[in-house]
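In: Sequence and computational prediction follow.
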Amino acid sequence: MALILPVKECFPYIAADTFLAPNSTIVGDVTIGENCSIWFNAVIRGDVNYIRIGNYSNIQDNVTIHGTYEKNGTDIGNYVNIGHNALIHGCVIHDYVLVGMGAIIMDRAVIQSNVIIAAGAIVLENTICESGYLYAGIPAKKIKPLTEEQEALLKKLPQNYVLYSSWFK
């Protein structure tokens, strides 16, 4: 069973149909929407600031989501895919975004809708990633517009993760 703990009497809210891997951790001021999946060893730590995750988003294995004390909460939209080992910290991620494996998104960064952050990319503080583009590198830079195939992938992946999580329910 997932580790779900209050922090200072603030309990996480998790929609009933969300899949929680048995070793995932969700603590404090966290809200997780409908048809989400929180995978193995993911840590969503709403202890020092809030974390909001919309509907149909998937938080894959070993992802860490956190905020900054008294400064930056973390907002994650609908239909967001956060790949294995990513670090999401005190930022805003809009709808239909793919954060690649091992990517890091830092405080006050804003990832607009329909964006892919490449595996291993580091999005620095205060960066705005413009809708419709692929960002990659250290620090992350705008590389090229998304192809039709990439845009279709942003729509398909969240549904895939609803299917994958159904195998465990």
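Out: Perfect, thanks for sending it. Residues are numbered from 1 along each chain as shown.
In: With adjacent residues omitted, what lies nearest to Cys10?
Out: Spatial nearest neighbour of Cys10, chain neighbours left out: Asp29 (4.7 Å); criterion: C-beta to C-beta, 6 or more residues apart in numbering. C-betas here are computed from N, CA, C, even on glycine.
In: Report the contact partners of the one you found.
Out: 7, 10, 12, 46-47, 49-51, 73 (C-beta atoms under 8 Å, 6 or more residues apart in numbering).
In: Reduced to three states, what does Ile143 come out as?
Out: Assigned by DSSP: H, G, I helix; E, B strand; the rest coil, the conformation of Ile143 is strand.
In: Could you verify my assumption that it touches Glu130?
Out: No: between Ile143 and Glu130 there is no contact, the gap being 11.6 Å when judged by C-beta atoms under 8 Å.
In: Longest strand in the chain, please.
Out: The strand that spans the most residues within the chain, counting by DSSP state E, is strand 43-53.
In: Show me the contact partners of the helix or strand that it is followed by.
Out: Going down the chain from strand 43-53, the next helix or strand is strand 58-59, by DSSP states H and E. Strand 58-59 has contacts (C-beta under 8 Å, 6+ apart) with 36-39, 42, 44, 53, 65, 80-82, 157-158, 161, 165.
In: try stretch 120-138
Out: 91, 94, 100-118, 139-146, 150.
In: just the buried members of the residues you listed?
Out: Neighbour-count burial (16 or more other C-beta atoms under 10 Å) applied to these gives 91, 94, 100-118, 140, 146, 150.
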